[in-house]
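>>> got a predicted structure plus its sequence, pasted below:
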Amino acid sequence: MATLTRQLVAGDEIAYRTFYNAYLDRLTRYLLVVSAGDENAMREALQETLRRVVRHIKVFSDEAVFWSWLTVLARSARSDEYRKRRRYLAVLDRFTQHAVLNHAASNDDLRVHNLEVILERSMNQLPVDERSLLEFKYFEHFSVREIAQRLQMTEKAVESRLMRVRQKLKQAILNKLKDESHE
């Protein structure tokens, strides 16, 4: 064993062929078990294990210790491959979620735009006095007291009228949304 590993450390091509012939099947079976039968994962881990052998080889005097070192390389190669695959899948998942959210956001933008158009049309169909009441309250942000003073009404009358106009507007919007959904 010391001779083979010493030759591997020296970069001897014949020693690498000997190592390859002696350990490839054993490493393949080991990695197939470690990879739970996933042949693609096994192949990736085997390739990485062989790369690590070339990069990190050192002299071993005992075959059992050498095999133990190889299994550590193989397990860590498999673990690294598994983590890399999980990161890749996580990136794909985030990308997919981002795309779905962007699609949903654009659909939401379209719905909001449609709702704004429906609101504007429904407001324009209200009588001028009712539209003015809503504009005072919700666009100019007047208080009920300020509206009552401006229209020379009681606050109770303004609140009552606002409630009726809001109900009327709500019903008009719901009818337009219902009509739109049937188209």
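Thanks, I have the structure now.
>>> quick one: Phe19 from Arg6, how far?
12 Å (C-beta to C-beta, to the nearest Å). Placement of C-beta: from N, CA and C, glycine included.
>>> what about the two, which has more around it?
Neighbour totals were compared for Phe19 and Arg6, and Phe19 leads with 21 against 16 (other C-beta atoms under 10 Å).
>>> tell me which element the more buried one falls in.
Assigning secondary structure by DSSP states H and E places Phe19 in helix 13-34.
>>> list the buried residues in the following helix or strand past that helix.
Sequence order places helix 39-56 as the next helix or strand after helix 13-34, per DSSP H and E. Residues of helix 39-56 classed as buried under the neighbour-count rule (16 or more other C-beta atoms under 10 Å) are 41-42, 44-46, 48-50, 52-53.
>>> could those residues go into CSV alongside pLDDT?
Shown next, in CSV, are the buried residues of helix 39-56 (pLDDT from 0 to 100):
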residue, pLDDT
Ala41, 89
Met42, 92
Glu44, 92
Ala45, 93
Leu46, 95
Glu48, 94
Thr49, 95
Leu50, 95
Arg52, 94
Val53, 95
